[in-house]
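J.: need coordinates for the below:
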Amino acid sequence: MKIYTLKAKQNLPISLQEAWDFLSDPRNLKTITPDYMGFKILSGADRKMYPGQIIQYIVTPVAGIKTKWVTEITHAVDKEYFVDEQRFGPYALWHHKHFIKEIPGGVEMEDVIDYKVPFGILGQLVHPFLVKPKLKEIFDYREKKLIEMFGVFNHSTEKQTELV
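T.: Numbers count the residues shown, from 1 in each chain. Below is the predicted model:
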């Protein structure tokens, strides 16, 4: 059983409160998801993130195939972090930790995703040329969208995405 990890960090020139207000509102996920994915929230986005919250989406990640995705917010600590876990969807495992911390001149956002692709060895075979590049593309889009919305961080640290 192969479990993959994606790590991404991005610094933004905004306050901790402003970052938390944006990130903890599930409706904003559509804003930072590529349009071609047909992202649509079906239910559960009527309030800020809280432990036990169930959010249902429709996404179209590959070849126009619509997929229902259900996540649960399992942990949330105000202005520090939250965790979403897939309950139903395209992955055999999806555990996504979102960390946020104040740094000089803004905030650092860090994502750590542990995931497993479905279909056993077949899933592992398609991971390097289908799943891994798609996840990188989604996080690259998110980085660009957040820069558009909040501006460029003008210090030496920058966005980093690493897929293991």
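
J.: do I have it right that residue 145 meets residue 32?
T.: Yes: counting by C-beta atoms under 8 Å, residue 145 touches residue 32, with 4.9 Å between them. The way it works is simple: take the backbone N, C-alpha and C, and place the C-beta from them, glycine included.

J.: and these two? Which one has more around it.
T.: residue 32 (19 against 14; other C-beta atoms under 10 Å).

J.: once you drop chain neighbours, what's closest to the more buried one?
T.: Take residue 32 and drop its neighbours on the chain: the residue closest to it by C-beta to C-beta, 6 or more residues apart in numbering is residue 142, 4.5 Å away.

J.: the one you found and residue 113, how far apart?
T.: 12 Å (C-beta to C-beta, to the nearest Å).

J.: can you show me the strands along the chain?
T.: Along the chain, counting by DSSP state E, strands occupy 4-12, 40-43, 53-59, 67-77, 81-88, 93-103, 106-116, 160-163.

J.: quick one: closest of those to residue 132.
T.: strand 160-163 (5.3 Å; C-beta to C-beta).
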